[in-house]
Every structure is written in C-alpha cells, then in structure tokens.
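Participant: Quick one: sequence and predicted model below, then my questions.
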Amino acid sequence: MATLRDQLGHGDKRAAVIKDANDVLEMEVQDKGGLTGVAIRGAFAIVKGVKPGFTTEVIDNLLNDFLDALDPIYQEAVAQGKRPGAHLATNRERMAEALLAITDARAERASRGVIKKTYDKLRPSAKKHVSEAAPRVGELLDRHTTA
C-alpha cells in the first residue's frame, strides 16, 4: 500500500489536504471552551496575525513530517482491514505523541520569539487537545486516501 506521503503529499491532493487541515485546525480551536478555550483562541489569533496565510504556510511546511508520522498508524489500519480514520481515533494518544514530537522539534528551532513563547505556553495541554482532534483528522484521512 502506498504511503500517506505518496498519496497526499503532491499536487492538487496536497493542496486539498492543506485546505482541509486548516479547516480542521479552525474547528478544533473554535470548539475549545472555558478559560482554556479563551487562551487557545487568543494564542491562535496571535499566530494567525504573524502574517496573512501563516497557518496555511505552517501546515504546508509540516505536512510531509505529519504524513510520515501518521503513516504507521495508517498502514496498520490498511493491513487490518480497518477504516483509517476510525483506527486513528482509536490510537489518538499515539497520534498525538507522533505529531507533537514534530512540533516540539520545530518550536525549538523557531526564529520568531512570539511563536516559540506561545507554543511553550500551550504545550503542557497540547497532548489532550491534539488527541481530541483525532476524529476530525481521521475523517480527513478517510476523505483523501484510497484505503
């Protein structure tokens, strides 16, 4: 079976995945409630204010690494005859750890102080929030993959 990067990392398919991933990000941020939600929405507004299209650019820059990180879970689903999105949701903690390992490394190398500072503030609760996004990320995979 083709890897996620092979399936989603090129051309029009990549552009569609980036758009959908940005939509997932927006929905996840808007769904956060309480004081944590206020903090997350505020931090997201700061990040989006860095420059127009910044979140789309970040998604594009992270996409190959994210696809590579999710590929083992995707390949397991395919091998077991499961829907990839449902398998990803079942393995949400693993998904969160894989994706956060990438963002942690990137944040460490960030050249913009506001980005690093904002990331460092949100990182302690990030695993919870990333794992909560698993159903939407899974739906994105189901929409765009051939499995």
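Facilitator: Looks like it came in fine.

Participant: Pull out the buried positions in stretch 35-52.
Facilitator: For stretch 35-52, burial by neighbour count (16 or more other Cβ atoms under 10 Å) applies to Ile40, Ala43, Phe44, Val47, Lys48. Where you see a C-beta, it was placed from the backbone N, CA and C, and this is true even at glycine.

Participant: which other residues reach that stretch?
Facilitator: Here stretch 35-52 makes contact (Cβ atoms under 8 Å, 6 or more residues apart in numbering) with 29-32, 54-55, 112, 114-115, 118, 121-122, 125, 129.

Participant: Ala133: what's its closest spatial neighbour, skipping adjacent residues?
Facilitator: The shortest distance from Ala133 to any non-neighbouring residue, by Cβ to Cβ, 6 or more residues apart in numbering, is to Glu28 (4.9 Å).

Participant: what are the ranges of the helices in this structure?
Facilitator: Per DSSP state H, the chain carries helices over the ranges 4-8, 11-31, 34-48, 54-79, 84-90, 92-108, 113-122, 126-132, 134-144.

Participant: Hey, what's the angle from the second one to helix 34-48? Just curious.
Facilitator: Meaning helix 11-31. Here the directions of helix 11-31 and helix 34-48 differ by 140 degrees (axes from the mean of the first three to the mean of the last three Cα atoms, to 10 degrees).

Participant: Please compute how far helix 11-31 lies from its chain's middle.
Facilitator: Put simply, helix 11-31 sits 9 Å off its chain's centre (Cα atoms, centre = their mean, to the nearest Å).

Participant: Just list what it packs against, helices and strands only.
Facilitator: Under the contact criterion of 3 or more Cβ pairs under 8 Å, 6 or more residues apart in numbering; DSSP states H and E, helix 11-31 touches helix 4-8, helix 34-48, helix 54-79, helix 134-144.

Participant: And those helices, which one averages the lowest pLDDT?
Facilitator: Ranked by mean pLDDT, those bottom out at helix 34-48, with a mean of 83.

Participant: distance of the residue nearest to Ala110 when sequence neighbours are not counted from Ala107?
Facilitator: Leaving out its chain neighbours, the residue that sits closest to Ala110 by Cβ to Cβ, 6+ apart is Lys116, at 4.3 Å. Distance, Lys116 to Ala107, using Cβ to Cβ, to the nearest Å: 6 Å.
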